[in-house]
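Trainee: attaching a predicted model along with its sequence, questions to come.
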Amino acid sequence: MAAPLELTCWGGGWGLPSVHSESLVVMAYAKFSGAPLKVNVIDNTWRGSRGDVPILTTEDNIVSQPAKILNFLRKQKYNADYELSAKQGADTLAYIALIEEKLLPAVLHTFWVESDNYFTVTKPWFASRIPFPLSLILPGRMSKGALNRILLTRGEPPLYHLREVEAQIYRDAKECLNLLSNRLGTSQFFFGDTPSTLDAYVFGFLAPLYKVRFPKVQLQKHLKQLSNLCRFCDDILNSYFRLSLGDG
């Protein structure tokens, strides 16, 4: 019998199995590839210290970061991409790079930097799942980490530059959403009828943006105008996660 695969990740709300994009990427890929993950959702008994999930644990390995976890699952013969051509494989890498460069900064900004969203939604949600006194410290640390990650992707120096790059961050993200919408067109998934790695990434980054109820909805409003991307998220939730959505 194969060693159990355990995924530690942030849990769900708003009809999502996880509100955390990188956790959601791995959860979706596991569903698409048939990997039998035991999901351990972080709650206030959690003993972690930095919030750096998702983490995949087996008898012999601890793997973090979505790309490394997906590579590990492929080596275990859980491959959602085996039907893709070489060109589709290359397209997958190009679109994931686009998402991480153009969309990720705006998603991080929406959740962790936009102050109304952070103080009314993000901070209370994450703090409620972290044990005291870490609950007082870790959300702020995660917010700073998100800010640093945004500035790293922008190639911009210190924090006072954020206001200057904010408008460009959202312009880039809207352009990325438009490109993804055009690429998906009327197809069910990005490469036809079967979901693959690219679908897991797009779903992971779009679904929280689509579903979480924020006071400031600049990027969410644009996404909701792209009906095929919204339908794409709804279809994956209904087809792959319907039975596991216990918490709203």
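Mentor: Here it is on my side, so go on.

Trainee: only C-alpha atoms for contact and neighbour calcs from this point on.
Mentor: Noted.

Trainee: let's verify Glu83: helix, strand, or coil?
Mentor: coil (DSSP: H, G, I helix; E, B strand; the rest coil).

Trainee: dump the residue contacts of it.
Mentor: Listed by CA atoms under 8 Å, 6 or more residues apart in numbering, Glu83 has no contact partners.

Trainee: right, and Ala173 touches Leu98 too?
Mentor: No - look at Ala173 against Leu98 with CA atoms under 8 Å: they stay out of range, at 9.6 Å.

Trainee: dump the strand or helix carrying Ala94 to PDB, restricted to CA.
Mentor: Per DSSP states H and E: Ala94 is located in helix 86-98. Output of helix 86-98 as PDB, limited to C-alpha atoms (Å, rounded to 0.1, in the frame of the first residue of the first chain):
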ATOM      1  CA  ALA A  86       4.700  19.300 -26.100                       C
ATOM      2  CA  LYS A  87       3.300  22.700 -27.200                       C
ATOM      3  CA  GLN A  88       0.500  22.500 -24.600                       C
ATOM      4  CA  GLY A  89       3.100  21.800 -22.000                       C
ATOM      5  CA  ALA A  90       5.100  24.800 -23.100                       C
ATOM      6  CA  ASP A  91       1.900  26.900 -23.100                       C
ATOM      7  CA  THR A  92       1.200  25.800 -19.600                       C
ATOM      8  CA  LEU A  93       4.600  27.000 -18.300                       C
ATOM      9  CA  ALA A  94       4.100  30.300 -20.100                       C
ATOM     10  CA  TYR A  95       0.700  31.000 -18.700                       C
ATOM     11  CA  ILE A  96       1.700  30.000 -15.200                       C
ATOM     12  CA  ALA A  97       4.600  32.500 -15.500                       C
ATOM     13  CA  LEU A  98       2.100  35.100 -16.700                       C
END
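
Trainee: quick one: name whatever helix or strand follows that helix.
Mentor: In N-to-C order, the element after helix 86-98 by DSSP H and E is helix 104-108.
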